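Chemist: when you get a sec, could you give me coordinates for this:
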Amino acid sequence: SSAESCFLIDGASQGCVTHTDGDDTSPLSVLTGGLIIGQDQDGLGDGFDGSQDWEGHLDEFLIFDSVLSETQISTIRTNIMNSNNWDGTPRVCGAAIDHYSISHDGAGVTCLLEEITISAHDSAHSVVDALSSSVNLSTTSNKGDWIGIVSGGTALNNGTAGDGEASFTFSSGATSAVLTFAHPVLSADTETFGFNVTDGTITEESGSAIALDDPDIEYSLSGFRFIDSAGDELIGTQISGKSSFDAPDGDTYYLQAVQAGEDNPSLCLAAFSGQKTIKMAAQCDDPATCVTGQTFNIKSGSHAAVDLALNNTAPSTPSSYSDVVMTFDGEAKAPFVFTYSDAGLMDLHASFVDTGAEPAAEFVGSSQFVVRPFAFGFTQISADGEDNLGGDETGGAGFTSAGSDFDVSVNAYRYLATHDTDSDGVPDDGVDVTGNGVTPNFEGDVELAVDAYTPSSGTEGAFSGGTTLAFTAYSVRAGAPVTTTLQYDEVGSFNIEASHSQYLGDIAGDIFSAPEKVGRFYPDHFVRVNSSVTAACTPFTYMQQPFSNLSYELEARPKGATDATAEAQRITQNYSESLSYASTAVMQGEAENNNSGDNLSNRFSGYLSSDEWVLGVYSVDRTDSIFLRDPSATGLEDGPFDNLQLGISISSELDNRGFESSQLNMKPDDNNDCVSDGDCTAVSIGDEQVLRYGRLEIKSAHGPETEDISVPFTTQYWDGVAFVTNIDDSCTLFPLNRISFDGTPISAAVADRTVTVGDGTTVGSINTSGTNTEAVSGNFNLLFTASGAAAAGSDNTGYFPVSVINLDEWLRYDWDQDGDASDSSVPDAIITFGRARGNDRMIFWQERYQ
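Modeler: Numbers count the residues shown, from 1 in each chain. Purely as a prediction, here's the structure:
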């Protein structure tokens with residue numbers, strides 16, 4: 001009672017209602033254009049029926065673009081009740097901020113800006129979303145100014161100049177912010193101090209923070225800075241294995257020695273010139289441990305190249321340095337180029353004590369930069385132990401079936417100039433980078449995706465499975481490739497591409513692979529989705545007579561698809577001759593009677609589609625399908641077949657794909673139960689049919705001229721022993737103009753059915769349906785009226801032939817006994833009024849009356 005129900009989409013209210021009781025019928029007013037859930041109503045704005053409305057919160061509310069089965073709904077509910085996402089993937093809640101971490105290079109010069117990074121950490125010291133927190137900054141020296149924000153923050157307020165205090169807000173979604181800091185005034189030649197950060201609750205010392213989260217910085221009046229050719233204080237993103245001088249993004253970098261002016265400590269002056277021996281070191285910041293055997297090579301001008309000592313992050317100051325000879329110019333700049341064989345966030349350190357100065361001056365400096373792998377490479381792509389062959393829809397060996405598992409192994413590799421001929425930092429199409437040497441320290445998620453597919457005018461398949469590869473730390477992975485299992489649910493092929501965006505947060509750190517063709521994928525199986533056979537004359541069809549209709553439809557499917565799967569995912573639509581898919585499945589008709597083991601398949605005709613395979617579907621709808629008379633017996637009588645089962649099998653297919661095993665239910669050349677034996681070779685079409693060997697027969701008849709004569713004119717079938725009238729036949733239509741009385745074709749008109757007999761006439765009557773005669777229970781009911789008794793010397797006796805020609809194939813017979821049952825006419829019937837003349841070869845004929 002008095003409770004309020006509100007409907008919100010993505011937090012935006014669509015309407016609310018206050019209920020007067022626990023189950024009232026108060027309508028929920030919904031904004032124009034709002035979304036209505038779970039009711040039927042005539043129009044937007046109509047009210048809910050009390051039995052349809054909902055009251056209270058909606059939780060785990062999901063919308064799908066297709067109807068879900070009960071099984072799917074049950075699975076989704078189980079996943080959610082198990083605290084997973086609806087699709088079963090683990091549910092990950094954002095980690096809380098445990099402490100803030102401060103990082104910098106440890107040394108500053110009064111005349112230079114220093115970059116200070118503030119990061120939000122969880123209790124495991126992993127960066128987490130800073131949740132747009134606003135924080136206050138200060139220095140333990142109570143001096144300095146916060147000059148600007150490089151990245152990750154907004155709304156910097158430096159406050160009072162020179163007091164070291166400021167505030168800013170993390171950008172939405174940011175885990176870290178980089179700010180520039182100035183400290184021009186020292187209490188002595190050097191000064192060491194720290195930084196403080198707090199959001200009012202969380203600080204650099206809260207939770208599980210350690211000393212590394214709050215390092216001191218030492219400021220002095222002199223130092224080194226690393227600059228590019230434009231004079232900017234940075235080293236750009238590098239590529240593993242590539243010289244910093246070479247394209248892409250090549251540049252000459254300089255180490256510059258500066259010192260604060262005596263009158264203005266915020267102004268930098270050149271410190272010295274000439275040849276000096278500088279102690280330099282490379283430090284691995286992220287990952288924090290360098291990999292043994294990797295090299296960081298540096299060279300200054302014409303001096304000898306040196307492999308620098310590699311140092312881990314801890315301790316913060318490198319413990320091992322190498323001597324590098326450098327020549328400084330009048331601006332105290334010395335050029336250098338370098339190459340690093342691995343990947344990661346690196347620090348380049350320089351140190352020098354100028355003993356020639358009075359007093360002696362110490363110069364230190366460092367620069368942090370990212371070295372990314374050049375490219376990802378696929379070390380192996382295989383399915384069931386067979387390597388990928390890279391075929392497409394028009395040829396090439398098959399790889400695996402659509403929807404089936406295949407494995408892909410990926411690693412990260414160094415640069416090779418011949419693999420990047422356009423110098424864009426991306427591997428050229430078709431190159432194999434797996435021989436370039438790995439970058440074992442690469443960590444991060446690598447995404448696999450479809451870059452392109454064939455047929456290009458067809459349908460892109462759904463790419464699924466482990467499409468995200470987790471490259472773990474060297475201590476876990478040891479630089480080995482990462483393997484995942486994938487699926488692609490279309491036929492043809494696709495180009496797979498591996499990528500990683502903004503390596504270590506660097507916007508220039510995107511990494512790609514050269515696309516590699518995977519394929520050819522082929523259908524996993526075929527399914528008969530519907531079929532029917534309609535008899536020509538229920539309940540039977542004559543051999544050689546077209547069925548009224550024969551139809552069936554096949555679908556080419558990926559593995560795992562069922563009838564309940566949505567069509568777009570159920571059918572491999574690229575399995576289509578119009579899309580140049582080579583050698584699609586060819587059907588073979590099958591037939592058997594009562595599982596007798598007598599293979600009748602060669603007598604089934606008219607089972608193929610005129611359109612072949614179209615978008616993964618093979619559709620047959622014919623009215624000319626027939627079951628032939630026995631060709632080995634020249635069409636002579638056999639049967640009947642009261643349990644004839646028609647079916648289809650696949651006679652040829654490029655990859656020997658077959659029907660889904662559960663549908664196979666025929667083996668015409670075997671009388672065993674092939675379903676139980678598991679060796680069926682075909683699928684049935686429609687229900688069992690009754691097939692009969694038929695013929696049309698007309699016999700001679702005679703009688704007195706004073707009586708009507710009934711002529712035996714019937715459809716017959718072979719019952720296995722003899723021909724009998726087909727009393728089930730009330731369907732056969734035979735054109736009247738193929739019947740002649742005394743040489744004249746007849747019609748429905750009486751005049752066309754009148755025949756002169758002596759001095760009289762007779763009129764033939766017959767079942768008539770339009771221009772045809774129609775069998776009724778197998779009989780055409782042909783009758784000739786009496787020609788009439790003789791009068792006044794007239795003679796109404798005589799005879800005439802009845803001819804039946806151009807029989808349909810299913811009503812023909814071997815009337816001339818030449819061994820070929822294709823006679824298109826039956827022997828003429830002789831109709832005699834008066835005394836029957838008999839046969840000229842008959843010497844004596846006696847009629848016996850009792």
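
Chemist: just give the number of residues close to Leu504.
Modeler: Other residues near Leu504 come to 20 when the count uses other C-beta atoms under 10 Å. The C-beta positions use only the backbone N, C-alpha and C, and glycine is treated the same way.

Chemist: may I ask you to confirm that it belongs to a helix?
Modeler: Yes - per DSSP: H, G, I helix; E, B strand; the rest coil, Leu504 lies within a helix segment.

Chemist: and it, how far from Leu615?
Modeler: For Leu504, the distance to Leu615 equals 46 Å [C-beta to C-beta, to the nearest Å].

Chemist: what of Gly144?
Modeler: 70 Å.

Chemist: show me which of these two is the more surrounded one.
Modeler: In this view Gly144 and Leu615 are compared by other C-beta under 10 Å, and Gly144 has more residues nearby, 27 against 16.

Chemist: hey, what's the more buried one bridged with?
Modeler: Asp163 (DSSP bridges).

Chemist: Gly164 is in contact with that one, correct?
Modeler: Yes - counting by C-beta atoms under 8 Å, Gly164 is a contact partner of Gly144 at 4.3 Å.

Chemist: pass me the low-pLDDT residue ranges in the protein, would you?
Modeler: Along the chain, segments meeting pLDDT under 70 span 1-12, 19-59, 94, 836-850.

Chemist: check which residues of the lengthiest helix in it are buried.
Modeler: Ranked by residue count under DSSP state H, the longest helix found in the chain is helix 70-81. Across helix 70-81, burial judged by 16 or more other C-beta atoms under 10 Å covers Ile76, Asn79, Ile80.

Chemist: partner strands of the very next helix or strand once past it, with direction?
Modeler: Going down the chain from helix 70-81, the next helix or strand is strand 99-103, by DSSP states H and E. Taking DSSP bridges as the criterion, strand 99-103 forms sheet pairs with strand 114-121 (antiparallel).

Chemist: hey, C-alpha coordinates of the partner strand in PDB?
Modeler: Written as PDB, here are the backbone C-alpha positions of strand 114-121 (Å, rounded to 0.1, in the frame of the first residue of the first chain):
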ATOM      1  CA  GLU A 114      59.100  17.200 -13.300                       C
ATOM      2  CA  GLU A 115      56.300  14.700 -14.100                       C
ATOM      3  CA  ILE A 116      54.600  13.200 -11.100                       C
ATOM      4  CA  THR A 117      52.100  10.300 -11.500                       C
ATOM      5  CA  ILE A 118      49.300   9.600  -9.000                       C
ATOM      6  CA  SER A 119      47.700   6.200  -9.300                       C
ATOM      7  CA  ALA A 120      44.700   4.500  -7.500                       C
ATOM      8  CA  HIS A 121      45.700   1.100  -6.200                       C
END
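
Chemist: next, count neighbours for Arg325.
Modeler: Just so we're on the same page, residue 325 is Val rather than Arg. Neighbours of Val325 under the rule other C-beta under 10 Å: 16.

Chemist: ok, it touching His303?
Modeler: Yes - shown here, Val325 and His303 form a contact pair, counting by C-beta under 8 Å, at 4.3 Å.

Chemist: what is in contact with those two at once?
Modeler: Residues touching both Val325 and His303 (C-beta atoms under 8 Å, 6 or more residues apart in numbering): there are none.

Chemist: care to break this structure down by domain?
Modeler: 99-220, 222-371, 381-520, 525-692, 694-833 (automatic domain parsing).

Chemist: can you put the ones you listed in JSON lines and add distance to Ile63?
Modeler: Listed next are the domains of the chain as JSON lines, based on distance: least, C-beta to C-beta, whole Å:
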{"stretch": "domain 99-220", "distance to Ile63": "25"}
{"stretch": "domain 222-371", "distance to Ile63": "40"}
{"stretch": "domain 381-520", "distance to Ile63": "19"}
{"stretch": "domain 525-692", "distance to Ile63": "15"}
{"stretch": "domain 694-833", "distance to Ile63": "54"}
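
Chemist: compare the ones you listed and give me the one nearest Asp87.
Modeler: Distance to Asp87, taken as C-beta to C-beta, is lowest for domain 381-520 among the domains of the chain, at 10.9 Å.

Chemist: picking up where we left off before, the longest helix of the chain: how far from the chain's middle?
Modeler: 23 Å (C-alpha atoms, centre = their mean, to the nearest Å).

Chemist: hmm, who's touching it?
Modeler: Glu60, Leu62, Leu68, Asn85, Trp86, Asp87, Gly88.

Chemist: quick check: end-to-end length of stretch 436-443?
Modeler: 18 Å (C-alpha to C-alpha, to the nearest Å).
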